[in-house]
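In: pasting a predicted model and its sequence here:
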Amino acid sequence: RVMDIVLSFVTGLVSLVFYPFIIIAIKLEDGKEIFGLQTRVGRNNQPIKLIKFRTMEFNDDGAWNSGIINRVTKVGRFLRKSRLDELPQLWNVLKGEISLIGPRPEFPQAVSEYEKVVPYYNIRHLITPGLSGWAQIYHQAHPHHGIDIKETKNKLSYDLYYIKNRSFLLDIKIALKTLKTFISRAGR
């Protein structure tokens, strides 16, 4: 937790330099809200609200089967590719709702489906979810904006590996690999 507090505070302060540029870009594109709050399932199956820069036309909060098509905006595409849309989540880390490292929290709709059909799925909710994790680094086909039982089973195996083997050194390894990925994407 100490690492989470120190790193999220320092990185959060440094990230404030990017906020005006991101805010202006989002506002110039469509004039809509800047941030999006997303309900996710956290530790002990408790709901948490993640804050991100808005990248979609509107916040569907994980209701993918509503019949309304929600598209990524042009600015949102850049923010997602560069991972800048996730900077506000550093404040979620500071508050203790998520950690820097841990299983990525899912939308409640997805969790309710997965816990019915994926054995041991709820084990991932025994620890605080994270911004980055073992599955984010090594599982390349994780589901995005939809329910995918097969890939979620694969992703869960990575989450369970992390839960079983978690340590300060493993967290450092994940953090360094995440930083390397972030820098290599920013360099493109």
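Out: Received it, and whenever you're ready, just let me know what you need.

In: what about stretch 12-23, start to end distance?
Out: 16 Å (Cα to Cα, to the nearest Å).

In: show me what that stretch is in contact with.
Out: 34, 53, 75, 79, 84, 87, 90-91, 93-94 (Cβ atoms under 8 Å, 6 or more residues apart in numbering). Using the backbone N, CA and C atoms, a C-beta is placed for each residue, glycine as well.

In: buried set for the longest helix along the chain?
Out: Counting by DSSP state H, the longest helix found in the chain is helix 168-186. Of all the residues in helix 168-186, those buried under the rule 16 or more other Cβ atoms under 10 Å are 171, 174-175, 178.

In: residues contacting that helix, please?
Out: Counting by Cβ under 8 Å, 6+ apart, 3, 81-83, 100-101, 132-134, 136-137, 162 sit against helix 168-186.

In: could you flag which of the contacts of stretch 12-23 are buried?
Out: Applying 16+ other Cβ under 10 Å to these, the neighbour count classes 53, 75, 79, 84, 87, 90, 93-94 as buried.

In: is Gly36 located within a strand, as I assumed?
Out: Yes - according to DSSP: H, G, I helix; E, B strand; the rest coil, Gly36 belongs to a strand.

In: who's sitting farthest from the centroid in the chain?
Out: Leu28 (25.2 Å; Cα atoms, centre = their mean).

In: quick one: that residue from Ile34, how far?
Out: Between Leu28 and Ile34 the distance is 11 Å, computed by Cβ to Cβ, to the nearest Å.

In: tabulate the contacts of stretch 12-23 (a markdown table), appending distance to Glu151 and secondary structure.
Out: Formatted as a markdown table, the contacts of stretch 12-23 follow (distance: Cβ to Cβ, whole Å; DSSP: H, G, I helix; E, B strand; the rest coil):
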| residue | distance to Glu151 | secondary structure |
| --- | --- | --- |
| Ile34 | 31 | coil |
| Phe53 | 26 | strand |
| Val75 | 28 | helix |
| Leu79 | 24 | helix |
| Leu84 | 26 | helix |
| Leu87 | 27 | coil |
| Leu90 | 27 | helix |
| Trp91 | 30 | helix |
| Val93 | 26 | helix |
| Leu94 | 31 | helix |
